[in-house]
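Novice: model this:
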Amino acid sequence: MTPLNNIALTLFLILSTGTGLKSSEDEIEKYSFSKACMGTTFRIVTYSPYSYRNTATIIEQAYVLAEEMNNVFSDYMADSEVGKFNRSEPNRPQAASPYLLDLLKISRKISVSTKGSFDPTCGSLSKLWRLSKRTNKLPSSEKLRTTKNACGFSNLKIDHKSAHITKLNPLTRLDFGGIAKGYTADKMLQLLKNKGLPSSSIAAGGDIVTGESPPGKDSWEVQIIPYRDKGVKPITIRVTNAAVSTSGNTEQTIKIKNQRYSHILDPTSGLGLIHNNAATVIAPSGAQSDSLATALCIGGKDTLTIINKSPQFEAMLFNKRDKLIEKIFSAGFNKFVD
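Specialist: This is a model prediction of the structure:
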């Protein structure tokens, strides 16, 4: 998911810091850390049985992992793995890391299930839309047509056995902006759990992944404010060992020829969304919640119908028309609401 200035997604327990040194290893202490990566800030809260120094050493390993992920998935860095693939010639296999192959596998499944509302193969459309935002001019219909033809997993050959991927269309590019942060937070949390820090949470932009509940608590609290309007009350949900992602196009917009467009790209039109909405998804993993929140903004009620068919996902969708806000919840969402 792209960084969200328009969505206030707050994990209460994350925002209070614990910085004192511990006198003994058998006490549980709360520590908070933050570091910039992937165009946002990754904030970690952990309840640790270790000293501050030992805890910080483990946390630094998680941040090193995040940088490794950025070196794989960034489409802004020319020397990242994705950057090199995007510049590669068609029909020439490119070596792919386990992380890239894994995320492609996850992304393909979600793309199919959302009927293309989420599609990381639309990197050329993303590049074209970034140009439109800089120049304040819409692309020509012919340019849109040829660029959209480069989207879709049918333009990729993915060979998991040989660990290579090949573009079949010269314009095909990858853009994992709608899933990479959630996926990275998943891997960071797994590292913390493996190192003896199961009661941890990681917030990255509009994505939050949570581990075991904090000591003395039965869950983590997440407060969601889909719009900054004074009349909109925050919604507090409780989760454990789950991920929460919020996406929306309520403020990050540009105006071209009297039409407002969102920063969220619609693969169908090739342009930014023109409707005003926000979405929150609860899922077992950050990769799932991140990508589905973006898909829900694009597909709206149709995507919510798809989410409703899976018991492992819950979601809420807000549609804003002038001053009226329509709230739509999946069947089991309310069981997470405080």
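Novice: Contacts only, for Glu326.
Specialist: By Cβ atoms under 8 Å, 6 or more residues apart in numbering, the contact set of Glu326 is Phe318, Asn319, Lys320. C-beta coordinates here come from the backbone N, C-alpha and C atoms, glycine included.
Novice: The last one: how many residues sit nearby?
Specialist: Summarising burial for Lys320: neighbours were counted as other Cβ atoms under 10 Å, giving 19.
Novice: do you know how far it is from Lys35?
Specialist: Plainly put, Lys320 is 34 Å away from Lys35 if you go by Cβ to Cβ, to the nearest Å.
Novice: what's the answer for Glu89, then?
Specialist: From Glu89 to Lys35 the distance is 36 Å (Cβ to Cβ).
Novice: Of these two, which one has the most company?
Specialist: Higher neighbour count among Glu89 and Lys35: Lys35, with 14 against 9, using other Cβ under 10 Å.
Novice: which stretches of the stretch 51-200 of the chain form helices?
Specialist: 52-73, 81-86, 98-113, 123-135, 141-148, 180-194 (DSSP state H, counting those that start in this stretch).
Novice: now the fourth one against helix 141-148, angle please.
Specialist: In this case it means helix 123-135. Using axes from the mean of the first three to the mean of the last three Cα atoms, to 10 degrees, the inter-axis angle of helix 123-135 relative to helix 141-148 is 140 degrees.
Novice: List the buried residues in helix 123-135.
Specialist: Using 16 or more other Cβ atoms under 10 Å as the test for burial, helix 123-135 gives Gly123, Ser124, Leu125, Ser126, Leu128, Trp129, Ser132.
Novice: Do you know the pLDDT at the closest residue in space to Leu103 that isn't next to it in sequence?
Specialist: Among residues not flanking Leu103 along the chain, Tyr183 sits closest, at 5.6 Å (Cβ to Cβ, 6 or more residues apart in numbering). Looking at Tyr183, its pLDDT stands at 98.
Novice: Run a quick neighbour tally on Tyr183.
Specialist: 25.
Novice: cool, Asn241 as well?
Specialist: As a burial measure, Asn241 scores 15 neighbours (other Cβ under 10 Å).
Novice: SS state for it?
Specialist: coil (DSSP: H, G, I helix; E, B strand; the rest coil).
Novice: thinking it is in contact with Asp218, fair?
Specialist: No - applying Cβ atoms under 8 Å as the test, Asn241 and Asp218 come out as separate, 11.9 Å apart.
Novice: May I see the buried residues of stretch 182-193?
Specialist: Gly182, Tyr183, Thr184, Ala185, Asp186, Lys187, Met188, Leu189, Leu191, Leu192.
Novice: Strands of the stretch 201-338 of the chain, start to end?
Specialist: 207-210, 220-225, 235-239, 243-248, 253-256, 259-262, 276-283, 314-321, 324-329 (DSSP state E, counting those that start in this stretch).
Novice: Next, the contact list for the residue nearest to Leu103, please.
Specialist: Residues in contact with Tyr183, defined by Cβ under 8 Å, 6+ apart, are Met69, Phe73, Leu103, Ile106, Phe176, Ser285, Gly286, Ala287, Asp290.
Novice: quick one: the residue nearest to the second one when sequence neighbours are not counted from Val82, how far?
Specialist: Nearest residue to Phe73, sequence neighbours excluded (Cβ to Cβ, 6+ apart): Ala180, at 4.2 Å. Distance check for Ala180 against Val82: by Cβ to Cβ, it reads 9 Å.
Novice: Residues in a beta bridge with Val337, which ones?
Specialist: Ile237 (DSSP bridges).
Novice: That one: what's it in contact with?
Specialist: Ile235, Thr236, Ile237.
Novice: just to revisit the earlier point, what about the residue nearest to Phe73, distance to Asn91?
Specialist: 26 Å.
Novice: do the same with Ile28
Specialist: For Ile28, the distance to Asn91 - Cβ to Cβ - is 56 Å.
Novice: what does Lys161 give?
Specialist: Plainly put, Lys161 is 18 Å away from Asn91 if you go by Cβ to Cβ.
Novice: Of these two, which one has the most company?
Specialist: Using other Cβ under 10 Å as the criterion, Lys161 and Asn91 rank with Asn91 on top: 11 against 5.
Novice: Would you mind extracting the C-alpha trace of stretch 326-338 into PDB?
Specialist: Written as PDB, here are the backbone C-alpha positions of stretch 326-338 (Å, rounded to 0.1, in the frame of the first residue of the first chain):
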ATOM      1  CA  GLU A 326     -22.000   5.000   3.500                       C
ATOM      2  CA  LYS A 327     -20.600   2.300   5.800                       C
ATOM      3  CA  ILE A 328     -20.600  -1.300   4.600                       C
ATOM      4  CA  PHE A 329     -19.200  -4.200   6.700                       C
ATOM      5  CA  SER A 330     -18.400  -7.800   5.900                       C
ATOM      6  CA  ALA A 331     -20.500 -10.400   7.700                       C
ATOM      7  CA  GLY A 332     -18.000 -11.000  10.600                       C
ATOM      8  CA  PHE A 333     -16.300  -7.600  11.000                       C
ATOM      9  CA  ASN A 334     -18.300  -6.600  14.000                       C
ATOM     10  CA  LYS A 335     -16.800  -9.300  16.200                       C
ATOM     11  CA  PHE A 336     -13.500  -7.400  16.000                       C
ATOM     12  CA  VAL A 337     -15.100  -4.000  16.900                       C
ATOM     13  CA  ASP A 338     -14.500  -2.900  20.500                       C
END
